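In: next comes the sequence, and after it the predicted model I'd like to discuss.
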There are 2 protein chains.
Amino acid sequence: MTADPSPPVRLPEPPTRPTLTRDYLAAAALALIDAHGLRKFSMRKLGTAVGFDPMAVYRHYDDQEDLFDGVAETLFTEVDVDTLPWDGPWRQLAQTYCLRLRDTLLRHPHAVPLFATRPVRSPASIDTGVKMLTKLSDAGIPPAQGLRIFRCLREFTVGHTLAIAVTKLGADRRSRKPQPGSPDYNLLAEAADATTLDDHFEMGLTALLSGFEQPAR
Amino acid sequence: MTADPSPPVRLPEPPTRPTLTRDYLAAAALALIDAHGLRKFSMRKLGTAVGFDPMAVYRHYDDQEDLFDGVAETLFTEVDVDTLPWDGPWRQLAQTYCLRLRDTLLRHPHAVPLFATRPVRSPASIDTGVKMLTKLSDAGIPPAQGLRIFRCLREFTVGHTLAIAVTKLGADRRSRKPQPGSPDYNLLAEAADATTLDDHFEMGLTALLSGFEQPAR
DNA sequence: CTGCATACATCTACGCTGTAGACATGAACT
DNA sequence: AGTTCATGTCTACAGCGTAGATGTATGCAG
């Protein structure tokens, strides 16, 4: 019985399994977090979800912290800072950046606590910072002051987005607002009925930006 | 296997020996989180640390979320809003509140992510909101607008505090800043050397407060 | 005083987690 | 051809959150 010289039989679905990547794993982790929430995420579920061994992730990320850093980078990439209005006035650039960051994060509400609790120090993020400071520098704002402005804007934006995300996600667990006429219907409840959760964001952004141009008082 | 030497944790004195309280458990949980970090905290360790059965906590809190809500309330109580300058001008009241909140939270850096990710809806917190809106109302600011201002201030303060806390806690894990003269010493690094981590906070607060008094533009 | 309900503490059990380390496999390079 | 290395697999371990059954003391009804 000699070996048949004919070419190998072509199987219906050759198990051509591409190799895992850090980027792909981070994107898949983000998808899992979006779908089931941060608390239900686990390293093993990620490995299984991408069709590999539960422990396969550890070949590409040291530990969960490391992976989450990667997820935060993925989120920052999604902001797509390259398409911001870099040629316009710096105030509009800064405002557009904040709005873009907010919109991007709110598309992934379950991941906002993750993003908010790790300072992204990826090359892309650093590069954005440098470009932003250069822009402000051209407008006559020294780098140190520009960095302070940038930090204020980012902290307000992230703080706002975090508040929105956790409020919306925990809405069922929380007690509903008191109805008009009930003894608990106080000034706060009245005001809450007259606002949406987020209609103060652009107001705050504008206040910050114009406040920076005032002489300190 | 790095057995941490675990410096002695000073726990608050129990109210009475025999029985456990929600408040005492929340305070003890906060002490444990302060001492060893949020990631190392567990329900069982809390029960053991207060000298009871590992599972004893579940007699007083439904689950970990419930307990963490209690810890957030404990933190808010520590802000001690009753001693704020309620009789002064509203801008100073608001500013003092934000500074007080920041200082309180920064005394518990490990617990800041916990606080930032759950909207405190305790009676004390609601009462503070009502009093604040009443104050603004007396100054001619309608409740809805007052709530928007209040939300901006709180989100900025919490966002700022969160950024400070996670930056300081993760400082060892992160790469050090590039030295002057190195090819990586860009505008951002230069600006970072010319600022502290938090010297923009009062600036941002002032910008927000004065920005609110400007006509929108 | 007895009897009992109730609140609290304890104990056991289950499935899951993060992580460490040994093992397998296949490609790439010497 | 042999070796190294990257990648995927597998097993093991201590610990986790939570559910539920079981003790135990305390205060009230009779």
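Out: Looks like it arrived, so ask away. Residues are numbered from 1 along each chain as shown, chains lettered A, B, ... in the order given.
In: so chain A: which segments form each domain?
Out: Listed by automatic domain parsing, the domain ranges of chain A are A:18-61, A:79-213.
In: what is the mean pLDDT for the first one?
Out: To tie it back to what came earlier, the one meant is domain A:18-61. Domain A:18-61 shows a mean pLDDT of 96.
In: okay, the domains of chain A in CSV with mean neighbour count and distance to residue B:75 next?
Out: Placement of C-beta: from N, CA and C, glycine included. Output for those, formatted as CSV (neighbours: other Cβ atoms under 10 Å in any protein chain shown; distance: least, Cβ to Cβ, whole Å):
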stretch, mean neighbour count, distance to residue B:75
domain A:18-61, 16, 21
domain A:79-213, 17, 15
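In: contact residues of chain A facing DNA strand D?
Out: Within chain A, the positions adjacent to DNA strand D are A:19-20, A:47, A:52-56, A:58-60 by Cβ under 7 Å from any atom of the strand.
In: keep the residues you listed, but drop any that are not near chain B.
Out: Within the set of those, contact with chain B (Cβ under 8 Å from any Cβ of the partner chain) is found for no member.
In: narrow those to those in helices?
Out: Residues of the residues of chain A next to DNA strand D located in helices (DSSP state H): residue A:47.
In: just flag the most distant two among the residues of chain A next to DNA strand D.
Out: Largest separation among these by Cβ to Cβ: A:19 and A:54, giving 17.1 Å.
In: for whichever strand or helix holds residue A:165, packing partners?
Out: Using DSSP states H and E, residue A:165 sits in helix A:143-169. With contacts defined as 3 or more Cβ pairs under 8 Å, 6 or more residues apart in numbering or on different chains; DSSP states H and E, helix A:143-169 has these neighbours: helix A:90-106, helix A:112-116, helix A:123-138, helix A:201-213, helix B:143-169, helix B:187-193, helix B:201-213.
In: in a markdown table: the residues of chain A next to DNA strand D, plus distance to residue A:184.
Out: As requested, these are exported to a markdown table (distance: Cβ to Cβ, whole Å):
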| residue | distance to residue A:184 |
| --- | --- |
| A:19 | 59 |
| A:20 | 53 |
| A:47 | 49 |
| A:52 | 53 |
| A:53 | 54 |
| A:54 | 49 |
| A:55 | 52 |
| A:56 | 53 |
| A:58 | 51 |
| A:59 | 55 |
| A:60 | 52 |
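In: among the residues of chain A next to DNA strand D, which ones lie close to DNA strand C?
Out: A:55, A:58.
In: now residue A:105. Nearest residue, chain neighbours left out?
Out: Nearest residue to residue A:105 in three dimensions, chain neighbours excluded: residue A:161, at 4.6 Å (Cβ to Cβ, 6 or more residues apart in numbering or on different chains).
In: distance between whatever helix or strand residue A:33 lives in and the chain's centre?
Out: Assigned by DSSP H and E, residue A:33 belongs to helix A:22-36. With Cα atoms, centre = their mean, to the nearest Å as the basis, helix A:22-36 stands 12 Å off its chain's centre.
In: stretch A:126-143 too?
Out: Here the centre of stretch A:126-143 is set off from its chain's centre by 23 Å, with Cα atoms, centre = their mean.
In: list the contacts of it.
Out: A:81, A:86, A:89-90, A:93-94, A:97, A:145-147, A:149-150, B:186-188, B:190-191, B:194 (Cβ atoms under 8 Å, 6 or more residues apart in numbering or on different chains).
In: go with 7 Å
Out: The contact list for stretch A:126-143 (Cβ atoms under 7 Å, 6 or more residues apart in numbering or on different chains) reads A:81, A:90, A:93, A:146-147, A:150, B:186-188, B:190-191, B:194.
In: is stretch A:100-116 anywhere near DNA strand C?
Out: No: using Cβ under 7 Å from any atom of the strand, stretch A:100-116 never reaches DNA strand C; the gap is at least 12.6 Å.
In: ok, residues contacting that stretch?
Out: A:30, A:33-34, A:37-38, A:68, A:71-72, A:75, A:78-79, A:84, A:157-158, A:160-162, A:164-166, A:168-169, A:201, B:116-117, B:162.
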